[in-house]
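*Asks:* take this sequence and fold it.
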Amino acid sequence: MLQVRDVMSRDVLTVNTDMDIHTLARTLTAAHISGAPVLDGKGELVGVVSLHDLVHHEGQVGDTETAAYWHGEPRLPGGYNLVDLSKSETTVEQIMTPAVYSLDEDAGLVELCDFFLKGEIHRVLVTHKGKLVGIVTPTDMIRCLRHQLTLPIPAS
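*Replies:* As a prediction, the model looks like this:
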């Protein structure tokens, strides 16, 4: 039976709590991802931050549409103004979700699916003995499903 370790991405981009949101937006879009685990100054996992957190924050402080940061291309609908995040002193720590949604790499895929469905989350951090070893997104699950659908049927 497949386990979380079989579908996770092992190359995990992380960000630090003291990163400013301008650098965060550029980092996430350059990597073509929508969120990342957050590490504190000691390298401990303390939360997750996403473009959703950035949009939510910017929506509270000004008239903006930070969806412009998707893939690094400005695509603002009429009536919106782009806020220059380079002037912001806001840090990742101030906008991140301070909860860590994680599963051990030995967990089964049913548990992983339940985690996604019940938690209304878009990334699950994978740990081994409490340390970050990977990440799973819905895209990883679809990739796994696609592979399983194309496997040859075993002969009886």
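*Asks:* just for this structure, where's the confidence low?
*Replies:* 58-88, 156 (pLDDT under 70).
*Asks:* and for the residue nearest in space to the middle of the chain, nearest residue in space, chain neighbours not counted?
*Replies:* Note on the chain: the residue nearest the mean C-alpha position is Gly35, at 2.8 Å, using CA atoms, centre = their mean. In this structure, Gly35 finds its nearest non-sequential neighbour in Ser50, 3.2 Å apart by CB to CB, 6 or more residues apart in numbering. (Each C-beta comes from the backbone N, C-alpha and C, glycine too.)
*Asks:* what's the local residue count around the one you found?
*Replies:* By other CB atoms under 10 Å, the residues close to Ser50 number 20.
*Asks:* so it sits against Val38, correct?
*Replies:* No - look at Ser50 against Val38 with CB atoms under 8 Å: they stay out of range, at 10.3 Å.
*Asks:* if we can go back for a sec, wait, isn't the residue nearest to the centre of the chain in contact with Val55?
*Replies:* No - counting by CB under 8 Å, Gly35 sits too far from Val55 to count as a contact (11.6 Å).
*Asks:* now do the shared contacts for these two.
*Replies:* Residues touching both Gly35 and Val55 by CB atoms under 8 Å, 6 or more residues apart in numbering: none at all.
*Asks:* quick one: list the elements packing against the strand or helix carrying Leu125.
*Replies:* Using DSSP states H and E, the element containing Leu125 is strand 124-128. When contacts are defined as 3 or more CB pairs under 8 Å, 6 or more residues apart in numbering; DSSP states H and E, strand 124-128 packs onto helix 4-7, strand 45-50, strand 102-104, helix 109-119, strand 131-136.
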